[in-house]
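Q: Take this sequence and fold it.
(2 chains)
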Amino acid sequence: MIPTGHALVFSALLFCIGLGGVLLRRNAIVVFMSIELMLNAVNLSFMAFSKYVGNSTGQVFVFFIMAVAAAEVAVGLAIIIVLYKGRETVNVDDVDLMKW
Amino acid sequence: MFTVVLFDVFGLLMIVCAVISVTRRNPVHSALFLVLVFFLMATLFFLMEGFLVGIIQVLVYAGAIMVLFLFVIMLLNLGELPVRKRRLMTAAAALLVPAALFIQLFVIVKGLRGTPEAWEDSSGYIKVVGSLLFEEYLLPFEVVSLLLIAAMVGSVVLTKRELKR
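A: This is a model prediction of the structure:
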């Protein structure tokens, strides 16, 4: 039986690595991959807690998160392609008009 | 006991791959290490006896999503971005925030008591999740199909439109 704590620590580490990637990286695609990493970390937490209470409902939520992540990737990558067509760059520092 | 050691080894490998993936300058290398992360995550799911989730992880994440990423990277022919100077304060903040978050999460996890229980109903793990999905959560399941259609139409419209300059 896997101790829930181990899974949760890995999940927290993965989430923090993803967060660091989002904050540090400038390549829009790598930022996007970091977001996927964070989503995956949450999935691991869901799975660990689902196991912890012995109830399978958590796995259903993991399933839904994966579906939403797939939709998000499709739209997000489309936005990046449009961005590249218009600006010839994927550097997030060059598209900071909406940033305060 | 053996599964716990295996779980820790795979988990540590996953963390190492994630760090490498986030720090590579070339996005193709990042993507390939991310594939490794997703596969290792699937093994963690299997070790926690979440078989359906593990299979879907390999199919959807390591399969579909990563192909999409690699396709876009190669379509746009992205190499390494030119190096630019980074302000020290921004970099420090970007490292401090995740570190602080991890410490908080770690303290919470340390307070967790008790060991995981056996599945309430383990008569075929995939069967249990499947029946939950098609009985109790049928409406959300159908809504997800709507969401996927919306995403598909949305991305086609976004990329097909001619940009007015």
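Q: rest of the way, CA atoms for contacts and neighbours
A: Will do.
Q: which residues in the chain form helices?
A: Picking chain A for this. The residue ranges that make up the helices of chain A, judged by DSSP state H, are A:4-24, A:28-53, A:57-87.
Q: Oops, wrong one, chain B.
A: When secondary structure is read from DSSP H, chain B shows helices at B:2-23, B:27-47, B:51-56, B:66-75, B:88-110, B:125-134, B:138-160.
Q: Packed most tightly, which of the ones you listed would that be?
A: Comparing the helices of chain B by mean neighbour count (mean count of other C-alpha atoms under 10 Å in any protein chain shown), helix B:27-47 ranks first with a mean of 22.
Q: So which elements touch that one?
A: Taking 3 or more C-alpha pairs under 8 Å, 6 or more residues apart in numbering or on different chains; DSSP states H and E as the contact definition, the neighbouring helices and strands of helix B:27-47 are helix A:28-53, helix B:2-23, helix B:51-56, helix B:66-75.
Q: what residue ranges in the chain score low on pLDDT?
A: I went with chain A, as the question did not name one. Chain A contains residues with pLDDT under 70 at A:99-100.
Q: um, chain B though
A: For chain B, the stretches flagged by pLDDT under 70 are B:114-124, B:162-165.
Q: Need the helices of chain A in CSV (columns: mean neighbour count).
A: Formatted as CSV, the helices of chain A follow (neighbours: other C-alpha atoms under 10 Å in any protein chain shown):
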stretch, mean neighbour count
helix A:4-24, 24
helix A:28-53, 23
helix A:57-87, 19
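Q: which stretch among those comes nearest B:Thr3?
A: Go through the helices of chain A one by one with C-alpha to C-alpha and the one that ends up closest to B:Thr3 is helix A:4-24, at 12.0 Å.
Q: May I have that closest one as CSV, with CA atoms only?
A: Taking Å, rounded to 0.1, in the frame of the first residue of the first chain, the C-alpha atoms of helix A:4-24 are listed here in CSV:
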residue,chain,number,x,y,z
THR,A,4,-0.5,8.9,0.7
GLY,A,5,2.2,11.3,2.0
HIS,A,6,4.7,10.2,-0.6
ALA,A,7,2.3,10.8,-3.5
LEU,A,8,1.3,14.2,-2.1
VAL,A,9,4.9,15.3,-1.7
PHE,A,10,5.7,14.3,-5.3
SER,A,11,2.5,16.1,-6.4
ALA,A,12,3.5,19.3,-4.4
LEU,A,13,7.1,19.2,-5.9
LEU,A,14,5.8,18.7,-9.4
PHE,A,15,3.3,21.6,-9.0
CYS,A,16,6.0,23.9,-7.7
ILE,A,17,8.4,23.0,-10.6
GLY,A,18,5.5,23.8,-13.0
LEU,A,19,4.9,27.1,-11.2
GLY,A,20,8.5,28.0,-11.4
GLY,A,21,8.5,27.2,-15.1
VAL,A,22,5.5,29.4,-15.7
LEU,A,23,7.1,32.3,-13.9
LEU,A,24,10.7,31.9,-15.2
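Q: Packing partners of that helix?
A: Contacting helix A:4-24 under the criterion 3+ C-alpha pairs under 8 Å, 6+ apart are the following elements: helix A:28-53, helix B:2-23, helix B:88-110.
Q: Tabulate those (JSON lines), appending distance to B:Leu78.
A: Shown next, in JSON lines, are the helices and strands packed on helix A:4-24 (distance: least, C-alpha to C-alpha, whole Å):
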{"stretch": "helix A:28-53", "distance to B:Leu78": "10"}
{"stretch": "helix B:2-23", "distance to B:Leu78": "16"}
{"stretch": "helix B:88-110", "distance to B:Leu78": "24"}
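Q: Nearest to B:Gly79 among those helices would be which one?
A: Taking C-alpha to C-alpha as the criterion, B:Gly79 comes closest to helix A:28-53 out of the helices and strands packed on helix A:4-24, the separation being 11.5 Å.
Q: what helices or strands is that closest one leaning on?
A: In this structure, helix A:28-53 packs against helix A:4-24, helix A:57-87, helix B:2-23, helix B:27-47, with contacts taken as 3+ C-alpha pairs under 8 Å, 6+ apart.
Q: and the angle from the first one to helix B:27-47?
A: In this case it means helix A:4-24. Regarding helix A:4-24 and helix B:27-47, their directions subtend 160 degrees when assessed with axes from the mean of the first three to the mean of the last three C-alpha atoms, to 10 degrees.
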